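K.L.:
what would the 3D arrangement of this be:
(one chain, ligands or ions: 1)
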Amino acid sequence: MEKKKDIIEVLHEKDLPTLLEEYDKLKDFNSQNIKCKFCDRTITLENVYGLYLNKDTLDLFCNKDLCYNKSLLIKEEDQDF
Ligand SMILES: [Zn+2]
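P.N.:
Below you'll find the predicted structure:
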């Protein structure tokens, strides 16, 4: 069965633009209009840490400890489904 939500950690810089393009967010990313899901910091290739893929949405989060820890919590919740 296909998982509803997937998390990819530690992105390769090469893969990110491809993914962003698939979700029609590459333009926003390049013009620095993508914000961290947790702390609202602008996401760049320098501070991006990971992402969430939902059915139609893609959320990025940054490399702050706080955001990383939050992503772990969500991951644990996710496994209960
Ligand atoms: Zn953040």
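K.L.:
give me the residue at the spatial middle of this protein.
P.N.:
The centroid of the chain falls nearest to Leu51 when counting by C-alpha atoms, centre = their mean (1.8 Å).
K.L.:
how about that one, nearest residue that isn't a chain neighbour?
P.N.:
Once flanking residues are discounted, Leu51 sits nearest to Leu60: 4.8 Å by C-beta to C-beta, 6 or more residues apart in numbering. For glycine as for every other residue, the C-beta is placed from the backbone atoms N, C-alpha and C.
K.L.:
and that neighbour, how far from the ion?
P.N.:
9 Å (C-beta to the ion, to the nearest Å).
K.L.:
so that residue sits in a strand?
P.N.:
Yes - secondary structure of Leu60, determined by DSSP: H, G, I helix; E, B strand; the rest coil: located in a strand.
K.L.:
and for it, the neighbour number?
P.N.:
23 (other C-beta atoms under 10 Å).
K.L.:
who are the packing partners of whichever strand or helix holds the residue nearest to the centre of the chain?
P.N.:
Element membership for Leu51, per DSSP states H and E: strand 48-53. With contacts taken as 3 or more C-beta pairs under 8 Å, 6 or more residues apart in numbering; DSSP states H and E, strand 48-53 sits against strand 6-9, helix 15-22, strand 58-62, helix 65-79.
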